[in-house]
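Undergrad: Build me a model:
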Amino acid sequence: MTDFTDIANEVGAANAIEPQGVPVVKGRRVHIDADILAYQCGGNDETDVATSRRILKSKIDLLKDAAGAESILLHMTASGSTKGDRAVIAYTKPYQGKRKGHRPKNWQYLRDYMADGLAGPIKQWYDREADDGFGFISAQCHGDVIATRDKDMQMLPGLHLNWDTYELVEVKPDVFGVEHGGKLYGHKWFWTQMLWGDSVDNIPGLPKHPDFPRGVGEVAAGKLLAFAHDDASAAQAVAQAYKAHWGDEWADRYAEQASLLWIRRTQQAPINEWAQFLPIGPQLTAAVERMLTRVNLLKEEAACLSD
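TA: Down below sits the predicted model:
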């Protein structure tokens, strides 16, 4: 879920900053975002495949060393992945409907190279996005490290490796929000996105608010969450903000946005997984049921058309 417009031109980015030496931790694995690698290491139109392959391997080695990891596992959103049915969930705006920026010339080559296991062990995700794969790892593999440039994973607990500075950031499961290097981590980041949205994936969040008629950006989201100190208080603040803009539709829009933004963590990864982790009342429960009914009907219609 990252904007790749500038990444495609960063041919030398893999060696921009040398990571500080970190002692290897026995048993530690670093989980690396292969979707990002394919864009960042693909180079420009003049980059040959051998050079892009060298940049790829160099970046993987740098991330492994910086994480203090014994091993790596690449994670890729597989071609043809359902992406967790997010395209079907989206109602207000088409999911990822405004993706911009051309793919590097070697993008497909690097994806195929990694998919064949030539850059290291790889997990291809077909029933969800690689983002959700990182969520599963966050919940199951304590002590492992997540390495991605995708800001959505900032909501996850665990060890995060900054893609550019190679700094390790620990987000403890019981911490609501923590800032490091100008970035917000923890569940507070999820609630911020519920208000701010994610323009890269065309997720609007809360488009407007009576106090912020020009739109809800990062600053406005911070003000609306100023008194939130845990999930319960944040959920209440976000619900009030949604009611102020959407009126009677607030619960349906809330359920839609939460289902799009939440990084899933369980093996089954249902579209309403967020409701298992976060506070939810009767109105939202009913909205989730309506969403599930709508999504199932759309999937059934699509299946009939494909037969």
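Undergrad: Please identify which helix or strand holds Leu63.
TA: Leu63 belongs to helix 49-67 when assigned by DSSP states H and E.
Undergrad: Excluding residues flanking it in the chain, which one is nearest His142?
TA: What sits nearest to His142 in space, not counting adjacent residues and going by Cβ to Cβ, 6 or more residues apart in numbering, is Gly158, at 7.2 Å. Yep, even glycine has a C-beta here, placed from its N, CA and C like the rest.
Undergrad: what sits against the one you found?
TA: Shown here is Gly158, whose contacts under the criterion Cβ atoms under 8 Å, 6 or more residues apart in numbering are Ile137, Ser138, His142, Asp144, Val145, Ile146, Glu170, Val171.
Undergrad: same question, Lys105
TA: The contact partners of Lys105, by Cβ under 8 Å, 6+ apart, come to Gly42, Gly43, Asn44, Asp45, Thr47.
Undergrad: The third one - that's part of a strand, no?
TA: Read that as Asn44. No. The assignment for Asn44 by DSSP: H, G, I helix; E, B strand; the rest coil gives coil, which leaves it out of any strand.
Undergrad: how many neighbours does it have?
TA: Other residues near Asn44 come to 13 when the count uses other Cβ atoms under 10 Å.
Undergrad: Off-centre distance for the helix or strand where Tyr242 lies?
TA: Per DSSP H and E, Tyr242 falls inside helix 231-246. The offset between the C-alpha centroid of helix 231-246 and the centroid of the whole chain comes to 22 Å, using Cα atoms, centre = their mean, to the nearest Å.
Undergrad: What of stretch 266-273?
TA: Taking Cα atoms, centre = their mean, one finds stretch 266-273 lying 15 Å from the centre of the chain it belongs to.
Undergrad: neighbouring contacts of it?
TA: Contacts to stretch 266-273, defined as Cβ under 8 Å, 6+ apart, come from residues 84-85, 89, 127-128, 132, 135-136, 139, 255, 259, 262, 264-265, 276, 288, 291-292, 295.
Undergrad: which parts of it are buried?
TA: Ala269, Ile271, Asn272, Glu273 (16 or more other Cβ atoms under 10 Å).
Undergrad: For the chain, give me the ranges with low pLDDT.
TA: Along the chain, segments meeting pLDDT under 70 span 1-21, 99-101.
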